[in-house]
Each structure stands twice: as C-alpha cells, then as structure tokens.
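Colleague: for reference, the sequence and a predicted model appear below.
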Amino acid sequence: MTRLLLALAGVILLAVTALALVWLIGQVLVGLGAVLVGAVGVLGRLLWFLLVTGLLAGLVYFVTSAWRPALRARGGSEPARPASVAPVRLEKPPVTPDTSA
C-alpha cells in the first residue's frame, strides 16, 4: 500500500510540475508577444514618420530649387555676380636657391 501511495504522490507531483512548466512557458511567450507587438508598433510609426519626412523634404527641395529670383531676374542660367568683384590671381612666391650645402 505504501508503494501505491508513493507512486500516486509521484504521479501527482509530476503532473503539477508539468502544469507549472506549461504555465511558465505560456507566461514567457505572452511576454515575448507583448515585446514583439510593441516593437512592431514603434517600427511602424518610425516608418510612417520617415515616409512623411522624406516626402516633405523632397517637396521643400523641389520648391527651393525651382524658386530662384536671381536667375529669373537676369534671365540667364548663371547666377548674378556683383560687377565690382575682380577675379583673384594667386601668384607663386619666388623660389630662392638653397645655399646651405
């Protein structure tokens, strides 16, 4: 009879341990799922932000590159340059022979 009771207690203990492990694995999977859902939410909003920002930046680039009053006023493709600015010529310094030898 003692062997039967010990075997029954062992089976019950094994069943309780298995149920506790199943519950623990479920808790871990729920936590992992919550982390994954949160990461997907954050990455989705980041993707939306980058798309909207890229679209607006492209629009700003297009508008600023298309609107140039200096080019339109002169009617040419070269930007306006003040007439008083003369081109700068750089002269090479005179070369002196090395007499230290």
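Modeller: Thanks, I have it. These figures come from a predicted structure and were not determined experimentally.
Colleague: can you give me the helices for this structure?
Modeller: For the chain, the helices defined by DSSP state H occupy 2-66, 69-74.
Colleague: for the record, mean pLDDT for the first one?
Modeller: Spelled out, that is helix 2-66. Averaging pLDDT along helix 2-66 yields 95.
Colleague: for that helix, what is the distance to the chain centroid?
Modeller: 21 Å (CA atoms, centre = their mean, to the nearest Å).
Colleague: by contact count, what packs against that helix?
Modeller: Helices and strands in packing contact with helix 2-66 are not found; criterion 3 or more CB pairs under 8 Å, 6 or more residues apart in numbering; DSSP states H and E. C-beta: built from backbone N, CA, C; applies to glycine.
Colleague: so for residue 95, which of the helices of the chain sits nearest?
Modeller: helix 69-74 (42.8 Å; CB to CB).
Colleague: for the closest one, give the mean pLDDT please.
Modeller: What helix 69-74 shows for mean pLDDT is 54.
Colleague: need the helices of the chain in CSV with mean neighbour count and distance to residue 92, can you?
Modeller: Shown next, in CSV, are these (neighbours: other CB atoms under 10 Å; distance: least, CB to CB, whole Å):
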stretch, mean neighbour count, distance to residue 92
helix 2-66, 10, 39
helix 69-74, 10, 35
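Colleague: for those, give me a markdown table that also has distance to residue 94.
Modeller: Listed next are these as a markdown table, based on distance: least, CB to CB, whole Å:
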| stretch | distance to residue 94 |
| --- | --- |
| helix 2-66 | 46 |
| helix 69-74 | 41 |
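Colleague: among these, which comes closest to residue 93?
Modeller: For the helices of the chain, proximity to residue 93 was assessed by CB to CB; helix 69-74 is nearest, at 37.4 Å.
Colleague: out of the helices of the chain, flag the one nearest residue 96.
Modeller: With CB to CB as the criterion, residue 96 lies closest to helix 69-74 of the helices of the chain, at 46.3 Å.
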